[in-house]
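In: I would like the atomic coordinates for the input below:
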Amino acid sequence: MTSPFVLPSVADLHDAALASRLQHIIDHKTKPLGSLGLLERLALRLGVILGTESPVLNAPQMLVCAGDHGLAARGVSAFPSDVTWQMVENFLTGGAAVSVLARQHGLGLTVVDCGVAKPIAARDAAPGQPRLLLRKVAPGTQDASVGPAMSAEQCAQALANGVEVVRGLPGNALLLGEMGIANTSVASLLLARLAGLPLAEVTGAGTGLDAAGIERKRAVLQQALDANAATTTPLEALAALGGYEVATMVGAVLQAAQERRVILVDGFITSAAVLVASRLQPHVLQRCVFAHRSGERGHQLMLAQMQAEPLLDLGLRLGEGSGAALAWPLLQSACAILREMASFEAAGVSEQSAAA
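Out: Okay, here's the model as predicted:
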C-alpha cells in the first residue's frame, strides 16, 4: 500500500531587510524612478526568492507533465485522447512549440509520463536533448463525472513522483508545462471546487470547442462536481477531480518551493496545480512568477485567487509550457538589470531632483 504523502515544508521567505536593500538598489539605478515598470518588481521578487542582491538563474529546467483523463470520453475536448501520446512523441523529437522554445532559450526539457493511456517506451536522450521519465501511476484517470478520477493512494503516488522528479533536476529555476487532452476541464473543476466559483465562469473552449461544445462540457463538469460533492479539502479535490499530470505538478511545485527555486508558471492548467499547492502550503506563492494571462476562460479568475500579476498577455492558450518559455528571457533580463546596471553614484550621473 502506498505510504501517505508527506507535504514538503515551505518556509516563509519574508525578509524585510533584504527586500529593502533590493528596492534601494533598484531605485538608484541610472533611470527615472519606476521607469522599468513590472521588470523592477520582477527583479525584486527574484532577489527575494534566491536570497541575494545579485541573483543568477542557472540550469533552468522545463518540466512537462503528461497524462490522460477519463473525462475525455465524454466529449469535453475538440481532440481525441490519442493526441496526448502523439504530442509526447512530438516533444521528444523536437517538433512541438515548447521543444522549439526550450531549444532557443537553452532550457533543459524533461517530459514525464505521469499517466498517458498508451505505453511509451523508455529511451536514452543525448546530452542537451529532451528526455523522458516514466512515472506512470495508471494509464489515464477514471471518468470524474461518475466518481473519483483517482484513489487517494494513486494521488499520493503522483504527488510523490513530482517531489522525486524535482529532486533529480539541477538548477534553481523550474518552468512548468503539461500535456493532457481534457485537462482544461480538470483545471476548471479544481478552480470551481476550491474557489467556489460557478462553472459557467470558469469553463472555456479548451482546445477549440464551439459554443455547443462548451455547453456540453459544462454539463459534464457539473456532473463531475455533483458526483464528487463530498470532496472539499485540496487533496480530496485533487484526487477526485484532478489528473495524474496535475498531481505530479503539485508535488513538483511543493518540492521546488522547499528548495527555494524560482517557479515559472505557464497557463491555466499549470496554474491549477499551483492553486492546489498553495492551498496546501501558502508560502509556495512567494516562489512563483506567473508567465502570462491565458486566453482560456477562467484563467484570470484563477490568477485573482492567487493575487498573481502575469508578465505577458498574448492571448496564448496552447499550454505545454510555451508561455513560460516565452517569458523566460524577462527573468534573465530582470536579474541582469539588478546585477549589472549602474547606480547613479557609480556612473557619475545626477539623480532626479526631489522637487521633480
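
In: Downstream of the longest helix seen in the chain, the next helix or strand is which one?
Out: Ranked by residue count, the top helix of the chain under DSSP state H comes out as helix 322-340. As assigned by DSSP states H and E, the chain's next helix or strand after helix 322-340 is helix 344-347.

In: which other residues reach that next one?
Out: Helix 344-347 has contacts (Cβ atoms under 8 Å, 6 or more residues apart in numbering) with 28-30, 350-351. The way it works is simple: take the backbone N, C-alpha and C, and place the C-beta from them, glycine included.

In: Where do the strands of the protein begin and end?
Out: Secondary structure of the chain by DSSP state E: the strands cover 61-67, 108-115, 131-134, 173-179, 262-265, 288-290.

In: I'd like the ones you listed as TSV, with mean neighbour count and distance to residue 196 appended.
Out: TSV is the format used below for the strands of the chain (neighbours: other Cβ atoms under 10 Å; distance: least, Cβ to Cβ, whole Å):
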stretch	mean neighbour count	distance to residue 196
strand 61-67	30	26
strand 108-115	26	28
strand 131-134	18	35
strand 173-179	30	24
strand 262-265	26	22
strand 288-290	25	22
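
In: Put together CSV for those, with mean pLDDT on each row.
Out: Formatted as CSV, the strands of the chain follow (pLDDT from 0 to 100):
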stretch, mean pLDDT
strand 61-67, 98
strand 108-115, 98
strand 131-134, 96
strand 173-179, 98
strand 262-265, 98
strand 288-290, 98
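
In: export those to TSV and tack on distance to residue 167?
Out: What follows is the strands of the chain, written out as TSV (distance: least, Cβ to Cβ, whole Å):
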stretch	distance to residue 167
strand 61-67	12
strand 108-115	13
strand 131-134	12
strand 173-179	12
strand 262-265	15
strand 288-290	19
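
In: So which of those is nearest residue 273?
Out: Distance to residue 273, taken as Cβ to Cβ, is lowest for strand 173-179 among the strands of the chain, at 7.0 Å.

In: so how far is the closest one off the chain centroid?
Out: 6 Å (Cα atoms, centre = their mean, to the nearest Å).

In: so it versus strand 108-115, what angle?
Out: Going by axes from the mean of the first three to the mean of the last three Cα atoms, to 10 degrees, strand 173-179 is angled at 40 degrees with respect to strand 108-115.

In: re the thing from before, among the contacts of helix 344-347, which one lies nearest to residue 136?
Out: residue 29 (48.9 Å).

In: Spatially nearest residue to the closest one (excluding sequence neighbours)?
Out: Using Cβ to Cβ, 6 or more residues apart in numbering and skipping the chain neighbours, the partner closest in space to residue 29 is residue 341 (4.7 Å).

In: mind checking the backbone torsions on that neighbour?
Out: Phi and psi for residue 341, reported as degrees, to the nearest 10, are phi -70, psi 140.

In: wait, what's in contact with it?
Out: By Cβ under 8 Å, 6+ apart, residue 341 lies in contact with 29-31.

In: swap in residue 311?
Out: Residue 311 neighbours (Cβ under 8 Å, 6+ apart): 38, 42, 289-292, 327, 330.

In: and if we set it to 6 Å?
Out: For residue 311, the contacting residues are 291, 327, 330, by Cβ atoms under 6 Å, 6 or more residues apart in numbering.

In: Isn't the first one up against residue 326?
Out: Right, residue 291. No - using Cβ atoms under 6 Å, residue 291 makes no contact with residue 326, being 7.0 Å away.
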